[in-house]
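>>> compute the structure for the input listed below.
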Amino acid sequence: MNLKTLQEKIKLLNEKIRPQYKLYSQKEKEILTKTVKLNEEVGELCNDILSILKLQRRAKLEKFDKRNVYQEFADVVITTIQLAVAAGVDVERAVNDKLKKIEEKYLKNSN
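Numbering: from 1, shown residues only. Predicted structure coming up:
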C-alpha cells in the first residue's frame, strides 16, 4: 500500500469514527490550550535533558546553554500550575495528598 492509498483509507475511517465534538466553552478551550502548552514545555525540557546527556545531534549541542535547563524546569512548573488553576485543581492539596500516598507506600514497605 502506498501513502496516498493509506491516507484515503484513514480519511474514510475518520469520517465514520470521528466523535461529534460540541463547541468548546471558554473554560474548556483554556484547559485544552494549557494542556497543549504543558506538552510543549515538557518537550523543551526533554530536549535540554538530552543535551545534558550529550544525546542530541551536534548542531543542537553547539547551541545548548546548560543554564537554560533551569528556565525549562520553571516553565514546566509554571505551566502545570496554570493548567491546575484553569481546571480548578488545588495544587497544594494535590501535592500533599500524593506525597502522603507515596510515603505510605514506600515507608510502610521499608519497615
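>>> okay, the residue nearest the centre of the chain and Asn47: tell me how far apart.
The structure's the chain has its C-alpha centroid closest to Asn39; by C-alpha atoms, centre = their mean the separation is 2.9 Å. The spacing between Asn39 and Asn47, counted by C-beta to C-beta, to the nearest Å, is 13 Å. All C-beta spots, glycine's among them, are computed from the backbone N, C-alpha and C.
>>> repeat for Val76
Applying C-beta to C-beta to Val76 and Asn47 gives a distance of 12 Å.
>>> with Leu99 instead?
29 Å.
>>> and the longest helix for this structure?
In the chain, taking DSSP state H as the definition, the longest helix is helix 26-52.
>>> for the protein, just list every one of the strands.
Using DSSP state E, the chain contains no strands.
>>> show me where it has helices.
3-17, 26-52, 58-63, 68-87, 91-110.
>>> adding mean pLDDT, write those helices out as a markdown table.
Listed next are these as a markdown table, based on pLDDT from 0 to 100:
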| stretch | mean pLDDT |
| --- | --- |
| helix 3-17 | 92 |
| helix 26-52 | 96 |
| helix 58-63 | 93 |
| helix 68-87 | 97 |
| helix 91-110 | 92 |
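>>> Lys11: how many residues sit nearby?
Neighbours of Lys11 under the rule other C-beta atoms under 10 Å: 9.
>>> what's near enough to touch it?
Listed by C-beta atoms under 8 Å, 6 or more residues apart in numbering, Lys11 has no contact partners.
>>> and Arg93, how far from Leu38?
Arg93 sits 19 Å away from Leu38, going by C-beta to C-beta.
>>> so which of these two has more stuff around it?
Each of Arg93 and Leu38 has its neighbours counted (other C-beta under 10 Å); Leu38 has more, 17 against 9.
>>> what distance do you get for the nearest residue to that one once chain neighbours are set aside to Lys37?
Using C-beta to C-beta, 6 or more residues apart in numbering and skipping the chain neighbours, the partner closest in space to Leu38 is Thr79 (4.7 Å). Here the criterion is C-beta to C-beta. By it, Thr79 lies 5 Å from Lys37.
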